[in-house]
Every structure is written in structure tokens, then in C-alpha cells.
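# got a sequence here, can you build the structure:
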Amino acid sequence: MANKKHPYPGNEIKIWLMRRGIKQSDINRALGYKLSGGCVCHFLRGVRYPKRVVDHLEKLGCPPHLLSAQKKHYDAYRKSLKKGKR
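All right, here's what the predicted structure looks like:
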């Protein structure tokens, strides 16, 4: 069961963060966002792909394959919006 794929790459990134003791609010704070802001949450859900968040995760050592999978997920989400399949 450990090899089970999650439907969203953001889940894998969230697990990676949790294993390192990093919270979404820590990233928000480091980037100067309000704690109640959903920038990191939207990134993890694949609704947005803010470069600042990606750059920060790269600095923290997030594996590139997770970030590229998230980018593909985001691109597919944007494409579905254009087709009206949300």
C-alpha cells in the first residue's frame, strides 16, 4: 500500500512537507503571505502554480519530479477549465 499513487501530485508534496516538519503556514510566512491566505493550499490542490511557491519548495529541497508532476496537473486543470469540464 506504500506504493499507492495519490490522485493529486500535491498530496505527495504535502506528505514530503509533513515528513520534514514543514507546515503550509511556514511557507506562507516565509513568502510574506498572510497566514489565512490560500496560496500554498491552491498550489497543492493544483488550482494555481505560483512561481514564488515553486522556487521556495526547490530551495527546501523538494524533489523536482514532484514539482513537475504538479505542473502537469495544473496544466490539465487549466485545460479542463477552457473546455468547461470543471
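# the helix or strand that contains D75: how far from the chain's middle?
Per DSSP states H and E: D75 is located in helix 64-83. Once both centres are worked out by C-alpha atoms, centre = their mean, to the nearest Å, helix 64-83 turns out to sit 10 Å from its chain's centre.
# contacts only, for P9.
By C-beta atoms under 8 Å, 6 or more residues apart in numbering, the contact set of P9 is G46, L66, A69, Q70, K72, H73. No exception for glycine: its C-beta is placed from N, CA and C like everyone else's.
# low-scoring stretches of this protein, by residue?
Residue ranges of the chain with pLDDT under 70: 1-7, 35-37, 84-86.
# the strands in it, which residues?
Here the chain has no strands by DSSP state E.
# tell me the spacing between the residue nearest in space to the middle of the chain and K82.
The residue lying closest to the centre of the chain (C-alpha atoms, centre = their mean) is L44, at 3.0 Å. The span separating L44 from K82 equals 22 Å under the rule C-beta to C-beta, to the nearest Å.
# with K71 instead?
Using C-beta to C-beta, one gets 17 Å for the distance from K71 to K82.
# these two - which one has more neighbours?
K71 (14 against 8; other C-beta atoms under 10 Å).
# tell me who's in contact with the more buried one.
Y49.
# which of the residues in stretch 64-73 are buried?
L66, L67, A69, Q70, H73 (16 or more other C-beta atoms under 10 Å).
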